[in-house]
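Visitor: Structure, please.
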Amino acid sequence: MHIGLSHGVGHILGALCGVPHGVTSCLILPHAMRFNRAVCGERQQAIAEALGRPGGDAADLIERLIADLGLPQRLSEVGVPASRFQDIAEHAMSDICVHTNPRKVRGPGDIVELLERAA
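Guide: Okay, here's the model as predicted:
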């Protein structure tokens, strides 16, 4: 089982920035899904089907669901500035969940890119 990037980064956003874990999933999950698409596209198609949109982009559908629920979608909405991204990324590299991600996270730079997309 892969816990992955969304949870690993979420742990650090909670610890360093005080963002509740459920909110971190809203912020990071769609971007982590896009990062992982190349290695788990079939699983993501199953998500799209479960959301009633066979053939749809699962990350976009999850992002739309989060928006429809009125939940935060950007790190800026919860007070996480871009100036913290490098520190968050470096700490996230020590979280075991990041190392169980379906697609290998090569280093903090991958996480900074993900955080920039979620900014």
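
Visitor: use CA for all of it now, contacts and neighbours both
Guide: Noted.

Visitor: Could you pull out the helices in the protein for me?
Guide: Assigned by DSSP state H, the helices in the chain fall at 5-17, 21-50, 58-68, 85-92, 96-99, 108-117.

Visitor: Pull out the buried positions in the fifth one.
Guide: Residues of helix 96-99 classed as buried under the neighbour-count rule (16 or more other Cα atoms under 10 Å) are 97-99.

Visitor: I'd like those as CSV, with pLDDT appended.
Guide: Below are the buried residues of helix 96-99 laid out as CSV (pLDDT from 0 to 100):
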residue, pLDDT
Cys97, 96
Val98, 97
His99, 95
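
Visitor: Contacts only, for the spatially most central residue of the chain.
Guide: With distances taken as Cα atoms, centre = their mean, Ile28 lies nearest the centre of the chain, 2.5 Å away. Contact analysis of Ile28 by Cα atoms under 8 Å, 6 or more residues apart in numbering lists 6, 9-10, 114-115, 118.

Visitor: How many neighbouring residues does Ser76 have?
Guide: 13 (other Cα atoms under 10 Å).

Visitor: show me what contacts the residue lying closest to it once chain neighbours are set aside?
Guide: Distances taken as Cα to Cα, 6 or more residues apart in numbering put Ala119 closest to Ser76, at 5.8 Å, once the chain neighbours are dropped. By Cα under 8 Å, 6+ apart, Ala119 lies in contact with 74-76, 81-82.
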